[in-house]
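Undergrad: sequence? don't have it. structure:
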């Protein structure tokens with residue numbers, strides 16, 4: 001098989017939305033049944049849930065992950081530190097999580113996947129979202145970053161250093177610019193309703209990477225849950241498309257539910273071929289790992305990509 005044929009084959013990617021401690025051994029088995037090539041984690045494993053991260057780090061599937069705001073819940077803010085259940089002078093659960101994931105942690109970094117002819121670049125780790133620079137001391141101490149501009153620069157540097165021209169951006173919160181309605185992928189769904197709560201540094205990094213000639217078929221993230229806080233009549237839009245890039249909010253929460261005697265779990269599935277996203281779906285699996293339901297969120301049936 002030539003390398004070109006290998007690169008052009010269909011790649012099946014699982015994106016795991018905000019976990020919030022809902023990760024079980026069965027999830028790893030489910031990924032094997034789904035026969036995915038790559039799994040991406042958008043963060044919020046739990047409130048500094050070291051054991052959840054340990055279990056995910058042990059997965060023997062190609063993977064990349066970023067951390068969410070809950071992954072620094074007791075460390076990044078003054079109010080969080082007051083609630084901290086452990087002695088922060090003796091333990092550092094944030095660093096333990098980073099160390100456990102090792103090279104799979106792509107926040108402000110990249111991970112190359114030569115077998116797929118693509119690289120995954122991480123957005124700002126531990127993002128709370130929005131247009132205000134939050135948790136300044138945390139970012140300065142952990143990453144030497146003091147502003148959105150410096151944050152953007154780290155993401156762009158990671159993308160430019162990537163081995164491949166096909167880039168998947170992986171963030172916790174999504175980028176600014178996907179809409180300002182409450183139901184948009186990063187829209188503010190609490191009072192006062194509306195407003196774009198996307199990360200401006202993430203948006204700038206994507207734009208600069210695209211301008212540098214990189215192909216960005218997919219940007220995926222979570223943080224803003226599909227279930228809207230202000231209404232039960234509709235769900236948040238999971239998909240946006242712009243400049244031949246598919247943006248996927250994968251935060252279908254809770255991701256594990258009990259349906260009578262059946263324990264079901266969800267994953268977002270992204271199909272990538274010829275450096276293009278061909279389909280995105282949200283699947284729920286029965287406890288016997290068979291598909292209970294599949295919602296097609298996006299299909300590219302022609303050269304013109306349109307959300308469905």
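TA: Looks like it came in fine. This structure is a prediction, so every number in the text was calculated from the model and none was measured.

Undergrad: tell me the spacing between the residue nearest the centre of the chain and residue 91.
TA: Geometric centre of the chain, nearest residue: residue 42, 2.6 Å, by C-alpha atoms, centre = their mean. Noted for residue 42: a distance of 25 Å to residue 91, by C-beta to C-beta, to the nearest Å. Just so you know, the C-beta spots here come from the backbone N, C-alpha and C atoms, and that holds for glycine as well.

Undergrad: over to residue 20?
TA: With distances taken as C-beta to C-beta, residue 20 is found 22 Å from residue 91.

Undergrad: compare those two (neighbour count), which wins?
TA: Counted by other C-beta atoms under 10 Å, residue 20 and residue 91 do not tie: residue 20 has more neighbours, with 20 against 13.

Undergrad: and residue 136, how many residues sit next to it?
TA: 11.

Undergrad: spatially nearest residue to it (excluding sequence neighbours)?
TA: Of all residues not flanking residue 136 in the chain, residue 146 sits nearest, at 6.7 Å (C-beta to C-beta, 6 or more residues apart in numbering).

Undergrad: kindly report the same for residue 19.
TA: residue 45 (5.0 Å).

Undergrad: so that neighbour touches residue 72, yeah?
TA: No. Applying C-beta atoms under 8 Å, one finds residue 45 not in contact with residue 72, separated by 11.0 Å.

Undergrad: which one of those two has more residues nearby?
TA: Set residue 45 next to residue 72 and count neighbours by other C-beta under 10 Å: residue 45 wins out with 29 against 24.

Undergrad: now that one, what are its backbone angles?
TA: Main-chain torsions, residue 45, degrees, to the nearest 10: phi -70, psi -30.

Undergrad: which ones are touching it?
TA: 19, 20, 21, 23, 52, 53, 56, 67, 68, 70, 71, 97 (C-beta atoms under 8 Å, 6 or more residues apart in numbering).

Undergrad: and those residues, which is closest to residue 230?
TA: Among the contacts of residue 45, residue 20 lies closest to residue 230 (C-beta to C-beta), at 20.2 Å.

Undergrad: how far away is that closest one from residue 135?
TA: For residue 20, the distance to residue 135 (C-beta to C-beta) stands at 20 Å.

Undergrad: contacts for stretch 70-86, please.
TA: Here stretch 70-86 makes contact (C-beta under 8 Å, 6+ apart) with 18, 20, 43-49, 53, 69, 88, 92-94, 97, 125-126, 128, 135, 138.

Undergrad: re earlier: distance of the residue nearest to the centre of the chain from residue 263?
TA: Here the distance between residue 42 and residue 263 works out to 22 Å (C-beta to C-beta).

Undergrad: how close does the residue lying closest to residue 29 once chain neighbours are set aside get to residue 146?
TA: In this structure, residue 29 finds its nearest non-sequential neighbour in residue 289, 6.6 Å apart by C-beta to C-beta, 6+ apart. Distance, residue 289 to residue 146, using C-beta to C-beta: 47 Å.

Undergrad: what number of residues lie near the closest residue to residue 135 other than its chain neighbours?
TA: The shortest distance from residue 135 to any non-neighbouring residue, by C-beta to C-beta, 6+ apart, is to residue 76 (4.4 Å). Other residues within reach of residue 76, judged by other C-beta under 10 Å, total 22.

Undergrad: what of residue 23?
TA: 22.

Undergrad: on that earlier part again, just the buried residues from the contacts of stretch 70-86, in ChimeraX please.
TA: The buried subset of the contacts of stretch 70-86, as determined by 16 or more other C-beta atoms under 10 Å, is captured in ChimeraX by this line:
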select :18,20,43,44,45,46,47,48,49,53,69,93,94,97,125,126,128,135,138
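
Undergrad: among the contacts of stretch 70-86, which ones are in helices?
TA: 53, 93, 94, 97, 138 (DSSP state H).

Undergrad: contacting residues around the residue nearest to the first one when sequence neighbours are not counted?
TA: So that's residue 53. Setting aside the residues directly before and after it, residue 53 is nearest to residue 97 in space (C-beta to C-beta, 6+ apart), at 4.5 Å. Counting by C-beta under 8 Å, 6+ apart, residue 97 makes contact with 45, 48, 50, 53, 67, 71.
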